[in-house]
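**Student:** Here is my input, please return the structure:
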Amino acid sequence: MLKIFNTQLNGIFKKIDAQEVELDIASRLLAQAVVGEGNIWVKGFGDLKYLEEYIVNSNESLPDSKVWITDTVVDKTDRVIVMAETYNEDVVEFVTALEVSDIDYVLICNAHENIQSMNFIDLSTPRAIVPSEDFSRIITPHAMAMNYIYYVIYANMKEMLDEA
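**Tutor:** Residues are numbered from 1 along each chain as shown. Predicted coordinates:
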């Protein structure tokens, strides 16, 4: 089981790595908030909501980042990271509100035919990855994929901001 899990995870990480340009653009977009004296707001949906606090409060947190709360007021210097397993109705409603307010954001979720966001990163975890004895599959590593994406963005931003 461990070998299958490892192989499948490596496949997910390679799919994320193939989005190098998108990851770089996302990092630059978020770094603009820091340089422009704005905030990076972090909003998670579903299980990825649990990563909000980590991204904002860990030893390797994004600079000037805050957890999005219901009454958050944003302006054009701010940026938003939107994390979700799926592009569902709640996510659509949230990003539509950002677009109406002309707020730049990075959307990270599994690909969906209706996604038209300019700054989109595919989470690459559309289904469980490890087969079980009854032929079903278990372990859908959304959080691991999101954490990997986060660290790529974090490292890119750190490099950019250190050069500024």
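
**Student:** so what's Ser136 closest to, chain neighbours aside?
**Tutor:** Leaving aside its chain neighbours, Ser136 sits nearest to Ala128 (7.7 Å; criterion: Cβ to Cβ, 6 or more residues apart in numbering). Where C-beta positions appear, they are placed from N, C-alpha and C, glycine not excepted.

**Student:** so the one you found makes contact with His142?
**Tutor:** No: with contact defined as Cβ atoms under 8 Å, Ala128 does not reach His142; the gap is 10.5 Å.

**Student:** And these two? Which one has more around it.
**Tutor:** The residue with more neighbours, out of Ala128 and His142, is His142; 23 against 14, by other Cβ atoms under 10 Å.

**Student:** residue contacts, the more buried one?
**Tutor:** His142 makes contact with Gly46, Asp47, Leu48, Glu85, Leu123, Thr125 under the criterion Cβ atoms under 8 Å, 6 or more residues apart in numbering.

**Student:** how far away is it from Pro63?
**Tutor:** 25 Å (Cβ to Cβ, to the nearest Å).

**Student:** need the helix or strand of this structure with the lowest average pLDDT.
**Tutor:** Taking mean pLDDT, DSSP states H and E as the measure, strand 130-131 is the helix or strand of the chain with the lowest mean score, a mean of 92.

**Student:** Parallel or antiparallel, list what pairs with it.
**Tutor:** strand 137-138 (antiparallel) (DSSP bridges).

**Student:** could you give the mean pLDDT of the longest helix anywhere in the chain?
**Tutor:** Counting residues, the longest helix in the chain under DSSP state H turns out to be helix 142-163. Predicted confidence along helix 142-163 averages 97 (mean pLDDT).

**Student:** Correct me if wrong, but Val34 is in a helix.
**Tutor:** Yes: with DSSP: H, G, I helix; E, B strand; the rest coil as the criterion, Val34 is assigned to a helix.

**Student:** pLDDT score for the residue positioned nearest the centre of the chain?
**Tutor:** The centre of the chain sits closest to Ile108, judged by Cα atoms, centre = their mean, with a distance of 3.8 Å. The per-residue pLDDT reported for Ile108 equals 99.

**Student:** And Ile139, by the same measure?
**Tutor:** For Ile139, the pLDDT comes out at 96.

**Student:** That one: neighbour count?
**Tutor:** 15.

**Student:** pretty sure it is touching Ser132, no?
**Tutor:** No: Ile139 is beyond contact range of Ser132, at 9.4 Å (criterion: Cβ under 8 Å).

**Student:** Now do the phi/psi pair for Lys43.
**Tutor:** phi -130, psi 120 (degrees, to the nearest 10).
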